[in-house]
Each structure stands twice: as structure tokens, then as C-alpha cells.
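**Q** pasted the sequence and its predicted model underneath.
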Amino acid sequence: MVSDESGGALPGVEVQVTQTANGATRFVVTGGRGEHVLPNLPIGPYTLEAKLQGFSSYAQNGITLVGGREPDHQRDAEGERRSRRR
């Protein structure tokens, strides 16, 4: 889920993931509850970027997908604000 600093869901966020090994990129837009799903991503390292007009962009490097587990980039970014209002 993509949320603002108060925990409110952010629909309409453009989420991009890029596989760092080969540059392959996938896009998705968050739904009404800030949710996003990118199914069938190959195992490996990724970067994630999220953008929404009126908010600062968010980027995270070093996300690694491994078999049998969903990545938790919110946990990986713990302590960082996921989105900030401009």
C-alpha cells in the first residue's frame, strides 16, 4: 500500500519497478486504497519509484525478490517517509 505520512491511502500513484540486472521496467497505478500488485516479476534485484502530483517522489534501491516470499518495501524503508506533501 502507498500512503501519505499520516497513513492515508494514496490512489493514483504511478509505481515503477526496474530490474537492475537488465533494466526491464514495469508500471502500475495504485487503486482506490493505495494498493498495487506487480505479478510475475522475475527473481532478482529491483529499484522502486513512486510518483503522484502534489507529493515528492519516492525511490528505493536494493529491493531483492526471492522465491516463495513477497517483498515488503515498506518494512525495507522503515523510518523513512513514503510520501511527503509539497
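**A** Perfect, thanks for sending it. Numbering: from 1, shown residues only.
**Q** do a quick rundown of the helices in this protein.
**A** Listed in chain order, the helices of the chain (DSSP state H) span 73-76.
**Q** strands of that one, start to end?
**A** With DSSP state E as the definition, the chain shows strands at residue ranges 14-19, 25-29, 44-51, 58-65.
**Q** list the contacts for M1?
**A** Under the criterion of C-beta atoms under 8 Å, 6 or more residues apart in numbering, the contact list for M1 reads A9, T30, R33, G34, E35, H36, Q74. The way it works is simple: take the backbone N, C-alpha and C, and place the C-beta from them, glycine included.
**Q** out of the residues you listed, who's the most crowded?
**A** Most neighbours among the contacts of M1, by other C-beta atoms under 10 Å: T30, with 21 neighbours.
**Q** ok, it touching Q16?
**A** No - contact criterion C-beta atoms under 8 Å: T30 and Q16 do not qualify, at 11.9 Å.
**Q** tell me, how many residues neighbour Y58?
**A** The burial metric for Y58, expressed as a neighbour count using other C-beta under 10 Å, is 20.
**Q** give me the nearest residue to it, chain neighbours excluded.
**A** If you skip the residues right next to it in sequence, Y58 has A50 as its closest partner in space, 4.5 Å away by C-beta to C-beta, 6 or more residues apart in numbering.
**Q** bridging residues for the one you found?
**A** Partner residues in beta bridges with A50, using DSSP bridges, are V15, Y58.
**Q** got the contact list for it?
**A** Residues touching A50, when contacts are defined by C-beta under 8 Å, 6+ apart, comprise V2, V13, E14, V15, Q16, S57, Y58, A59, R82, S83.
**Q** quick check, pLDDT for H73.
**A** The confidence metric pLDDT takes the value 56 at H73.
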